[in-house]
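1. Structure for this input, please:
(chains A and B)
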Amino acid sequence: GDSVTQMEGPVTLSEEAFLTINCTYTATGYPSLFWYVQYPGEGLQLLLKATKADDKGSNKGFEATYRKETTSFHLEKGSVQVSDSAVYFCALSDPRYGGATNKLIFGTGTLLAVQP
Amino acid sequence: DAGVIQSPRHEVTEMGQEVTLRCKPISGHDYLFWYRQTMMRGLELLIYFNNNVPIDDSGMPEDRFSAKMPNASFSTLKIQPSEPRDSAVYFCASSLGQAKPGLAGGTYNEQFFGPGTRLTVL
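-> Numbering: from 1, shown residues only, chains lettered A, B, ... in the order given. Sure, this is the predicted structure:
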């Protein structure tokens, strides 16, 4: 079935370091891909999205490119801040070509801890 | 808008007791989702509604779990009887409109999550 695999955490970085969190997916059809972020004690928030191959989603300095050839959607940021410390979830829409659904399939989440 | 509202924020109960979690979606949203988050299983979709009608409850773990949406502004998730393995954070989310995937790039309607209810069953 459809699934999302993301790198295990925690990821611990110093402030201003470069961030990569890997995400790969398995899906039929043409899924849309997403990164959600969960700050401590809060619900998930959409960080960025891409709805077709080669699209780049970006927000708050984070970027991810939808790579159909490698079935990947890696999250990157050039210079992380302490305030970026959170859990990051990769997700895909439940793809049903010719149909429509609002379901999401999430990865297990990656905890990012940024130290000053 | 106040966003998705969930209550209670924390619930501690004893095994065998009935637990009811509540959710108020964002006004005007026509989709409502219930998720469960645990360390072992991550984030799981339990059930979702469209226009108050349950569309997919395949994620509901067993008959002890039930969900209702009596109107567009309120939903409940009930566990009866509760067990220690039900301990988790339960999230409610809502969205507006129907997503349309497709070859040339689909559309997607963002899900807005509530703050969650942390349930502990002793």
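
2. rest of the way, CA atoms for contacts and neighbours
-> Noted.

3. looking at it, B:G116 is touching A:G43, isn't it?
-> Yes - B:G116 is in contact with A:G43 according to C-alpha atoms under 8 Å; the separation is 6.1 Å.

4. which residues touch A:L112?
-> A:G9, A:P10, A:V11, A:T12, A:L13, A:D84, A:S85, A:A86, A:V87, A:Y88 (C-alpha atoms under 8 Å, 6 or more residues apart in numbering or on different chains).

5. Tell me the residues that contact both of B:G116 and A:G43, please.
-> By C-alpha under 8 Å, 6+ apart, the residues touching both B:G116 and A:G43 are B:F91.

6. Comparing the two, which shows the higher neighbour count?
-> B:G116 (30 against 21; other C-alpha atoms under 10 Å in any protein chain shown).

7. pLDDT value on the more buried one, please?
-> Note for B:G116: predicted pLDDT of 95.

8. related to what we said a few turns ago, tell me which of the contacts of A:L112 fall in strands.
-> Residues of these located in strands (DSSP state E): A:V11, A:T12, A:L13, A:A86, A:V87, A:Y88.

9. Nearest residue to the third one in space, please, no chain neighbours.
-> Okay, so that is A:L13. Spatially, and ignoring its direct neighbours in sequence, A:L13 is nearest to A:V114 (4.9 Å; C-alpha to C-alpha, 6 or more residues apart in numbering or on different chains).

10. Just the buried residues of the helix or strand that contains that neighbour, please?
-> Secondary structure from DSSP states H and E places A:V114 in strand A:110-115. For strand A:110-115, a neighbour-count test (16 or more other C-alpha atoms under 10 Å in any protein chain shown) marks A:T110, A:L111, A:L112, A:A113, A:V114 as buried.

11. Name only those of the ones in strands among the contacts of A:L112 that count as buried.
-> A:V11, A:L13, A:A86, A:V87, A:Y88.

12. Return the residues in contact with the closest residue to the last one other than its chain neighbours.
-> Excluding its sequence neighbours, the residue lying closest to A:Y88 (C-alpha to C-alpha, 6+ apart) is A:V37, at 4.6 Å. When the contact criterion is C-alpha under 8 Å, 6+ apart, the partners of A:V37 are A:L44, A:Q45, A:L46, A:L47, A:A86, A:V87, A:Y88, A:F89.

13. I'd like the distance from the helix or strand of chain A with the lowest mean pLDDT to the chain centre, please.
-> The least trusted helix or strand in chain A, going by mean pLDDT, DSSP states H and E, turns out to be strand A:104-106, with a mean of 86. Counting by C-alpha atoms, centre = their mean, to the nearest Å, strand A:104-106 is centred 11 Å from the centre of its parent chain.

14. Now for residue 64, how many residues are close by?
-> You didn't say which chain, so I picked chain A. Other residues within reach of A:A64 by the criterion other C-alpha under 10 Å amount to 27.

15. hmm, I had chain B in mind actually
-> Neighbour tally, B:R64, other C-alpha under 10 Å: 13.
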